[in-house]
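> Following is a predicted model, sequence given first.
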Amino acid sequence: MNKTIIVLGSSRLHGNTWKLCKKLSDLTNVDIINLKEYDIHEYDYDNKYDDDDFPPLLEKIAKYDTIIFATPIYWYSMSARLKMFIDRLSDLITTKKDLGRQIKGKNLALLSTNYDGTLDFDFALPFRMTAKYLHLEFTGHLHLSGLELESDNLSDESKNKIEKFIKSNNLEKDLTKSA
C-alpha cells in the first residue's frame, strides 16, 4: 500500500496552501504534517541543534512511500519554513545517514499556490534537484490559484489538475490513514 504524507511549509496554519492540502487529503486520505507546529532549527555546519523536532519528524516521514512538499510561493520562491526543512535534509548525508538510506528511492512531489495561479518560471527546479540529489523519484507538481482555493469554488480546469495529480502519484490507492 502506498503511504503518502504532505509536508506543509506555510506561514499560515489554515491558508490557501493548507486548503489545497486538506482537499487532497479529503479525496485520498493522505496524512498532513504542518511544519508550523514543529520547532526546526536552521542548518548548522557544526550540527548544534539543541534537540529540535527535526530528527523525530524525519523518522516519522521516512515511514512513508511518497512525500509531498506543499508551499505557497513567497517572492518567487518556496516558504522560508519549507526551505529551512529542506536545508536540514543535508543531515541525511552527514549525521543521519541511516535515515538517508531509509528515504532513498521514495517518491517526492510538490504542491504550490500563489495569488492568481500563474506560474511563469521553473518553480519546481529546486525540488526536482533535491529529489535527484537524495535519490528520490520526482513524481510531479500541482499548482493552483489561491483565489480559487479562498473562494472554495474550483474551476473545472483546477479539478482536472487535482485528479491528474492524484492519478499520477497513485494517491487514489492510499485509502487508509497510517499515522
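Happy to help now that I have it.

> going forward, measure contacts and count neighbours with C-alpha atoms only.
Will do.

> Output the below-cut-off pLDDT ranges for this protein.
In the predicted model, the chain carries pLDDT under 70 at residues 1-2, 173-179.

> Spatially central residue in it, please.
When C-alpha atoms, centre = their mean is applied to the chain, the residue found nearest the centroid is residue 69 (1.0 Å).

> Spit out the contact partners of that one.
By C-alpha atoms under 8 Å, 6 or more residues apart in numbering, residue 69 lies in contact with 6, 7, 8, 9, 82, 108, 109, 110, 111.

> Which elements pack onto the helix or strand harbouring the last one?
If I follow you right, that is residue 111. Take DSSP states H and E as the rule and residue 111 turns out to sit in strand 107-114. The contact analysis (3 or more C-alpha pairs under 8 Å, 6 or more residues apart in numbering; DSSP states H and E) places strand 107-114 against helix 16-28, strand 66-72, strand 137-145.

> Sheet partners, orientation included, of that strand?
strand 66-72 (parallel), strand 137-145 (parallel) (DSSP bridges).

> ok so, going back, need the buried ones from the contacts of residue 69 selected in ChimeraX.
In ChimeraX, a selection of the buried entries from the contacts of residue 69 looks like this (16 or more other C-alpha atoms under 10 Å):
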select :6,7,8,9,82,108,109,110,111
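
> So residue 25 sits against residue 19, correct?
No. With contact defined as C-alpha atoms under 8 Å, residue 25 and residue 19 do not form a contacting pair (9.6 Å).

> neighbour count winner among those two?
Taking other C-alpha atoms under 10 Å, residue 25 and residue 19 do not tie; residue 25 has more neighbours (20 against 17).

> Find the nearest non-adjacent residue to the more buried one, please.
For residue 25, ignoring the flanking residues on the chain, the nearest one in space by C-alpha to C-alpha, 6 or more residues apart in numbering is residue 31 at 6.5 Å.

> what pairs with the one you found across the strands?
Note on residue 31: beta-bridge partners by DSSP bridges are residue 5.

> Quick one: neighbours of it, just the number.
23.

> Then residue 170?
The burial count for residue 170: 17, using other C-alpha under 10 Å.

> Quick check: the gap between it and residue 70.
For residue 170, the distance to residue 70 (C-alpha to C-alpha, to the nearest Å) stands at 17 Å.

> what residues are up against the residue of the chain positioned farthest from its centre?
What lies farthest from the middle of the chain is residue 46; by C-alpha atoms, centre = their mean that is 26.5 Å. The contact partners of residue 46, by C-alpha under 8 Å, 6+ apart, come to none.

> Just say helix, strand or coil for it.
Put simply, residue 46 is coil when judged by DSSP: H, G, I helix; E, B strand; the rest coil.

> quick one, phi/psi of it?
phi -90, psi 0 (degrees, to the nearest 10).

> between the strand holding residue 111 and helix 16-28, what angle do the directions make?
Relative orientation of strand 107-114 versus helix 16-28 (axes from the mean of the first three to the mean of the last three C-alpha atoms, to 10 degrees): 130 degrees.
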